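Asker: give me a model of this one.
(chains A and B)
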Amino acid sequence: MKRIVLTFAALAVLTIAGTASAADSSATLTVTGNVESSISITVESAGGTTSGTGTAAATSDLGNISKFGSAPTGFTLARGASDWTVSSTIGVQVVKANLTSTDYSLVAQLGSAPASGITWKLNGSNLSDSAPTTLTSTGTYASTGSYSWDIVVADSAAAAAIDNSINFTASSN
Amino acid sequence: MARQLIPAFLVAVLVTAPAVAARRRAVVARPDPLTITFVAAAGDTVDAGTIAHDFSKRVARAGTTTVTRTFAVRVDRRDGSNAGLVSLRASLETEDPRCMLRVDGVDIRITPATIAIVPVGTATTHRLEITVPVSAEEGALLTSIRWEAASEENSR
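Answerer: Predicted coordinates for the structure are as follows:
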């Protein structure tokens, strides 16, 4: 029994000596960068047969439309004395990253001049291809804003394609 | 029998104790015998460049932007005997609250974490991930990682 105790004592001395042999060192790696703010705009919804919603390049196909035909998918049709209007809404969302701004401004402009006798409206305001129309100056980030969308067709307008594009531009305030 | 062994043990302890103590003193006196060099980083600095959120990307951590850089570390022994293994540990030295750092998938925090066990004298490549939440303010980012290397016992 005593012999066992003595053996343990010798082992303990050797173990302490072994632990003391570790070597170490340290160094510092610096990490730099520049965080840049950004915003993103997406078309979330629109009348018509849509594709690309949820992205910044959506398309809406109204098909063939006429004063006495049926309304396109997602639109209503109202007939006036000398014109008729198809109406729907467009949902636009703006999100931000690394930005302290609390709201944004949104404008819209037609990509090309509308065909004769055709009027494009958003939020009740006529759109043109020459100047942007303000839709809001206090847009809320990460919330889909819904804007009324009307296409007014004069009875005198020629039967032809009315293709166009609406360009939205958001700016942080 | 035991009585005969006790004087022998005492003699052995008396003879070896000064040697062990001297050895211990010698180890303690050896100054910083390992060096750490960042091989692929310019001046011990990794520049993440411009970090701008990509809204079109689906990211693992929602609402964040992650930039990845690689760099290499080499640990050498000052005495030139580059043999054995060392344990590489990393911790946050200077914190930038706007970003989170990971090296080889290990979160870097104030408390040191083991990143890898690497051979001495060989450059090993590591992957640094810099993650910035979209809620973080824009501007220059500065943080630093403290690296420690320690010899693995019985590896020489």
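Asker: please count neighbours and contacts with C-alpha atoms only from this point.
Answerer: Fine.
Asker: state the phi and psi torsions of B:G80.
Answerer: phi 80, psi -10 (degrees, to the nearest 10).
Asker: burial of it, as a residue count?
Answerer: 10 (other C-alpha atoms under 10 Å in any protein chain shown).
Asker: can you give me the separation between the nearest residue to A:S116 once chain neighbours are set aside and A:G48?
Answerer: Leaving aside its sequence neighbours, A:S116 sits nearest to A:A157 (C-alpha to C-alpha, 6 or more residues apart in numbering or on different chains; 6.3 Å). Separation of A:A157 from A:G48 (C-alpha to C-alpha, to the nearest Å): 21 Å.
Asker: which one of these two is surrounded by more residues?
Answerer: Remark: of A:A157 and A:G48, A:G48 carries more neighbours, 18 against 12, as counted by other C-alpha under 10 Å.
Asker: do you know the pLDDT at that one?
Answerer: If you check A:G48, the pLDDT there is 94.
Asker: same question, B:V39
Answerer: pLDDT, B:V39: 85.
Asker: in space, what's closest to B:A116 - neighbours in sequence excluded?
Answerer: The shortest distance from B:A116 to any non-neighbouring residue, by C-alpha to C-alpha, 6+ apart, is to B:L88 (5.4 Å).
Asker: and B:A90, bridged to which residues?
Answerer: B:A113, B:W147 (DSSP bridges).
Asker: number of residues surrounding it?
Answerer: 27.
Asker: is it true that A:S101 lies in a helix?
Answerer: No: according to DSSP: H, G, I helix; E, B strand; the rest coil, A:S101 belongs to no helix; its state is coil.
Asker: need the residues that contact the helix or strand where A:I41 lies.
Answerer: Here A:I41 sits within strand A:38-46, counting by DSSP states H and E. With contact meaning C-alpha atoms under 8 Å, 6 or more residues apart in numbering or on different chains, strand A:38-46 is reached by A:53-58, A:60, A:74, A:88-99, A:144, A:169-170, A:172, B:52-53, B:55.
Asker: run the last query once more with 7 Å
Answerer: A:53-56, A:58, A:60, A:89-99, B:52-53, B:55 (C-alpha atoms under 7 Å, 6 or more residues apart in numbering or on different chains).
Asker: just stretch A:157-173 next, same as before
Answerer: A:101, A:103-112, A:115-117.
Asker: please pick the buried ones from those residues.
Answerer: A:D103, A:Y104, A:S105, A:L106, A:V107, A:A108, A:Q109, A:L110, A:A115 (16 or more other C-alpha atoms under 10 Å in any protein chain shown).
Asker: quick one: residues contacting the fourth one.
Answerer: Taking C-alpha under 7 Å, 6+ apart as the criterion, A:L106 is in contact with A:T134, A:L135, A:T136, A:S137, A:F168, A:T169, A:A170, A:S171.
Asker: cool, the fifth one as well?
Answerer: The neighbours of A:V107, taking C-alpha under 7 Å, 6+ apart as the test, are A:P132, A:T133, A:T134, A:L135, A:F168, A:T169, A:A170.
Asker: and the third one, how many neighbours?
Answerer: Right, A:T134. 18.
Asker: coming back round to it: just among the contacts of A:L106, which is most surrounded?
Answerer: Neighbour-wise, the contacts of A:L106 (other C-alpha under 10 Å) top out at A:A170, 22 neighbours.
Asker: need the pLDDT of it.
Answerer: So A:A170 comes in at 97 (pLDDT).
Asker: which residues does it bridge with?
Answerer: The partner residues for A:A170, given DSSP bridges, come to A:L106.
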